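Q: here are the coordinates; sequence isn't available:
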């Protein structure tokens, strides 16, 4: 018995093993594989193997398997692959298994970059592959990351575009969702429909040499042979359709192609090896046989296969419809059950809520009764304590009055001595007062009261009583103190009443401070005049506190107020300010009624009354930022700071603390630039907006102009905001010293911003850098309120400088709703008209994509303005300002002028019913000088396309001839064959009513790097409409005196003819395609005409072809 041979055959989705007799032929083995996998369309496939020299070869069917050059190994290895490709997959591929094998093989070739695929088509193809694998998209079942384990796109596409894997998967997922309820078999077929339009689909390449031994490439495909130069496998130099070839002969390695035209010269080339020659001849023979077979009526076997396939598809459709009907019925039942359950649930909730409400009301009544009883008991105890306290105070007052009368002269002398010393008490006296504090954990201001509203009753009485006393000319300290504190119940409330009265009734004595009049300081003078300096406020506060039984001290020291200069040394400087310390509950607290009443405007030499509650019982660690006492004990800090430390502190205003700001860096007011820059950052607990001002070094005076208008900006800094932290990068343009003032306010507040802190920056040497464009807003990046305008903060670039690579930047912003957008690009050396040609904006329902060109080096400002898409009456609001930086000038060609506001597929095309675009981006690049943009027209709009480019070299023919549209069912294909390298605008327009104006849908920017001019398309007439498809020839300039094959599909036509020197009738084949051969000799144009009547002599012209010698053909 002869020894058997083991074989392993790998298909695209399975691995098969066989044992056969050594005498088995290649045909027998192939039939066994086809039978095993259930394949009947065997004419497309073959068995591929690696020969003993390492080259891929196809198994010959007429020879024994063991007699061929298969590597001698066990088992023998073969791959079951498609050897020949159909011209039209939808029309020729019958079985589902055939479509699946082609789908898997073509997908593998595209992902391996053996078939070149542009990025936009790659994303669309990936979505069809996902649909074929997962079925319909379900947001609940297909959670984020469900595509992470799949290889979706070619590595070239992933490497070329700077997008993360998640971003690519999101684009594929968007398309997956668009496919709706497409079944998996249809997804496979749609994949192949798109793939067959790719330039390298179904092409086998071989290295050859010309007669002159020049290296060339030969391609063999379903339509014929093409010759390419060695450096470019995308643009053929010579093409031979199968219909134009009379004979192909092979002798050893020499090939001779003989055209049908006897006058045309033969084309000779040489293959590198004899095996390659035989492989080429085998592919040529097989493709030519299939080419001729397609143009003949179907065989009985094929007709039976098609009928069976149609029957199976119909049966599957019926089953799917039945299943969908059952699903809908089940869903309706489930929905009804769910509605009943929800109704029962609501009823139960309502009853439970009623029970809970009844219970809560009862508990609330009970609690109110208990609280009322406790309040009454507490009030009773308080009244008893207050009565006892009043009696004690009455006795103490009688004794104190007697003592005061006995020592009145001594007390008057002591008071005069104190006033002459401008509030400077002896060191021993200050220590004595501070020593009366009760030791223990220090209480803060927030522990005493929650906010100013806690004193509304006391404040109102003090203000009202103060106004009445002033009207009655009452100036006695004791009387005023007793009347304004009548509503006060505690020590804190009595102190509050005094504080409020001082802030509202005493103004700062500006003329006295400037020496223009006598400086008032005694309490009586201050009250009578209604004004005083800081010592007047402090002494009056001291006397009024003592009148109502509060222990108070005057504190002398230095204040960072009027006349203060940042960095000023306080050594040997006399104290310039006075404030108060008050003992409450055994603990000392600080307050400054002078600063609480308002501030000085030194520019106008006036006092600005502005009640500032911050300086009432200010926490010591905040108070010491601006007040430095002569006696360090009155800092009230566990670790007092030194005079030098106080001098270096950043000057902060009360607004800094009231806004809850925190200085992250720097810690000192004085900064020196490092490499021409310094940085400062401030955080906040609430949403705060900022601005800043940079000026040459000058005095910042407390009480000066403390408000900054929002329009005042500086281009010497870059301010950004992130996570409630403001960062400011200062970049002085010139050597010198500068004052930096920072302003802020709550984000939702109105009115001007207030100064919060100031710094001094010294720049020994400025950085040599480009000019930064002015920013119309305060921050770089997303602006305050952008989220309310519809821009999602999570999916947009941050506030950092965006580096531009190779002169071009793609910027994407996610949106929470459909927006309309306008963009502005600003550069110091870029004219506004040219700047508009540097922008292309794509608007989608869930995002915006801006393509920006930066032709010159330096900084650019890219501003984005938005409004709601469906509200054209709204004005555009600035939502973002991005700072771009281009390090190197590039020779980038600008976008064509006249680009629309919406480029690429997006919201407008979606609303118009256009979907499934082959190119999802606004930019389309081609190395071959041609491209096809396909999409679906669901609403059957009347469409129009325009090709346009900037001024330059005029093409040989009009640009409209380089554009060709094909409308089949709902699918539209816009083909371009560009006349030269450059940048073009491909515009799509539509109208719903005949005779109305066409409205713009979107623009594509088409970039071509192909130096070879693309041939024009034929001219079209109005009869060229929906369903018309041109297969051959696809060029509008025909070679003279040559046989040309015409193949065209015209729906409803009863006869189709070419009209030139004479009329040639075309014949309809089994695929309902009109075809025939026409000789182009002796005339300048061939027109294609059709008629819907078989008997009418009248025909409509549909296409026109010019005849002339083209340099691209030979």
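A: On my side now, so go ahead. Keep in mind it's a predicted model, so treat the numbers as computed, not measured.
Q: who are the neighbours in contact with residue 915?
A: 178, 909, 935, 936, 938 (CB atoms under 8 Å, 6 or more residues apart in numbering). Every C-beta, even on glycine, is put in place using the N, C-alpha and C of the backbone.
Q: so the second one is in which element?
A: Take DSSP states H and E as the rule and residue 909 turns out to sit in helix 907-911.
Q: buried residues in that helix?
A: Neighbour-count burial for helix 907-911, counted by 16 or more other CB atoms under 10 Å, picks out 907, 908, 909.
Q: which residues does the first one contact?
A: This means residue 907. Contacts of residue 907 by CB under 8 Å, 6+ apart are 818, 843, 844, 845, 869.
Q: try the last one
A: The neighbourhood of residue 909, defined by CB under 8 Å, 6+ apart, consists of 915, 917, 935, 988, 1001, 1002.
Q: Look at it and report its pLDDT.
A: pLDDT recorded at residue 909 is 94.
Q: That one and residue 842, how far apart?
A: 10 Å (CB to CB, to the nearest Å).
Q: ok, residues contacting stretch 1016-1023?
A: Taking CB under 8 Å, 6+ apart as the rule, stretch 1016-1023 contacts 956-957, 961-965, 975, 977, 979, 1030, 1034-1037, 1088, 1090, 1100-1106.
Q: Now the phi/psi pair for the closest residue to residue 237 other than its chain neighbours, please.
A: Counting by CB to CB, 6 or more residues apart in numbering, residue 237 lies nearest to residue 227, which is 5.5 Å off, once chain neighbours are set aside. Backbone geometry at residue 227, expressed as degrees, to the nearest 10, gives phi -110, psi 130.
Q: Now for residue 661, how many residues are close by?
A: 22 (other CB atoms under 10 Å).
Q: residues touching it, list them.
A: 682, 683, 684, 688, 744, 756, 757.
Q: Tell me how confident the model is about stretch 845-865, as a mean pLDDT.
A: 91.
Q: Just the terminal-to-terminal distance for that stretch.
A: 16 Å (CA to CA, to the nearest Å).
Q: out of the contacts of residue 909, which are inside helices?
A: Among these, none falls in helices (DSSP state H).
Q: In PyMOL, how would I select the buried members of those residues?
A: PyMOL command restricting the contacts of residue 909 to the buried ones, with burial defined by 16+ other CB under 10 Å:
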select buried, resi 915+917+935+988+1001+1002
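Q: Kindly present the contacts of residue 909 as a markdown table, with separate columns for distance to residue 647 and pLDDT.
A: Output for those, formatted as a markdown table (distance: CB to CB, whole Å; pLDDT from 0 to 100):
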| residue | distance to residue 647 | pLDDT |
| --- | --- | --- |
| 915 | 70 | 91 |
| 917 | 67 | 93 |
| 935 | 71 | 93 |
| 988 | 69 | 94 |
| 1001 | 68 | 93 |
| 1002 | 64 | 94 |
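Q: now, which of the contacts of residue 909 sits nearest residue 542?
A: Among those, residue 1002 lies closest to residue 542 (CB to CB), at 77.7 Å.
Q: before we move on, the earlier item: show me what contacts the residue nearest to residue 237?
A: 216, 217, 218, 219, 236, 237, 238, 239, 267, 269.
Q: Pull out the buried positions in stretch 476-491.
A: Those would be 477, 480, 481, 483, 484, 485, 487, 488, 491, for stretch 476-491 by 16+ other CB under 10 Å.
Q: three-state assignment of the fourth one?
A: With DSSP: H, G, I helix; E, B strand; the rest coil as the basis, residue 483 sits in helix.
Q: Quick check: closest non-adjacent residue to residue 947.
A: Counting by CB to CB, 6+ apart, residue 947 lies nearest to residue 963, which is 4.4 Å off, once chain neighbours are set aside.
Q: er, residue 846 I mean
A: Once chain neighbours are set aside, the closest to residue 846 by CB to CB, 6+ apart is residue 815, at 6.0 Å.
Q: ok, that neighbour to residue 665 distance?
A: 35 Å.
Q: Looking at those two, which one has more neighbours?
A: residue 815 (24 against 12).
Q: which residues touch the more buried one?
A: By CB under 8 Å, 6+ apart, residue 815 lies in contact with 790, 791, 792, 845, 846, 847, 848, 866.
Q: List just the nearest of those to residue 366.
A: Nearest member of the contacts of residue 815 to residue 366, counting by CB to CB, is residue 792, at 49.7 Å.
Q: thought the closest one was touching residue 816?
A: Yes - applying CB atoms under 8 Å as the test, residue 792 and residue 816 come out as touching, 5.2 Å apart.
Q: before we move on, the earlier item: give me the neighbour count for the residue nearest to residue 947.
A: So residue 963, with other CB under 10 Å, has 21 neighbours.
Q: Residue 175 now?
A: Residue neighbour count, defined by other CB under 10 Å, stands at 21 for residue 175.
Q: what do you get for residue 655?
A: Using other CB under 10 Å: residue 655 sits among 19 other residues.
Q: tell me what the helix or strand containing it is packed against?
A: Element membership for residue 655 (DSSP H and E) is helix 654-658. Counting contacts by 3 or more CB pairs under 8 Å, 6 or more residues apart in numbering; DSSP states H and E, helix 654-658 packs against strand 753-763.
Q: switch to 10 Å and redo it
A: helix 620-623, strand 661-665, strand 736-746, strand 753-763 (3 or more CB pairs under 10 Å, 6 or more residues apart in numbering; DSSP states H and E).
Q: The residue nearest to residue 443 when sequence neighbours are not counted and residue 620: what is the separation?
A: Nearest residue to residue 443 in three dimensions, chain neighbours excluded: residue 587, at 5.9 Å (CB to CB, 6+ apart). Distance of residue 587 to residue 620, computed by CB to CB: 11 Å.
Q: what do the two both touch?
A: 442, 636 (CB atoms under 10 Å, 6 or more residues apart in numbering).
Q: so where's the protein uncertain?
A: 1-2, 391-392, 394-440, 521, 698-715, 794-799, 951-957, 1109-1114 (pLDDT under 70).
Q: in it, which helix has the most residues?
A: Ordering each helix of the chain by length in residues (DSSP H) puts helix 300-406 first.
Q: Only the buried residues of stretch 880-888, if you could.
A: 880, 881, 882, 883, 884, 885, 886.
Q: Filter the residues you listed down to just the ones in helices.
A: Among the buried residues of stretch 880-888, no member falls in helices (DSSP H).
Q: Is it possible to get CSV of these that adds distance to residue 184?
A: Output for the buried residues of stretch 880-888, formatted as CSV (distance: CB to CB, whole Å):
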residue, distance to residue 184
880, 42
881, 47
882, 43
883, 48
884, 45
885, 48
886, 47
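Q: Could you single out the nearest of those to residue 1052?
A: For the buried residues of stretch 880-888, the residue nearest residue 1052 by CB to CB is residue 880; the value is 53.4 Å.
Q: how about the residue nearest to that closest one when sequence neighbours are not counted, secondary structure?
A: Distance criterion CB to CB, 6+ apart; nearest residue to residue 880, sequence neighbours excluded, is residue 864 at 4.4 Å. Three-state call for residue 864 (three-state DSSP): strand.
Q: check contacts around residue 864.
A: 782-783, 786, 791, 796, 811, 813, 819, 821-824, 841, 848, 850, 876-882.
Q: Which of those residues are buried, as a ChimeraX select command?
A: Those of the contacts of residue 864 that count as buried under 16+ other CB under 10 Å are selected in ChimeraX with:
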select :782,783,786,791,796,811,813,819,821,823,824,841,848,850,878,879,880,881,882
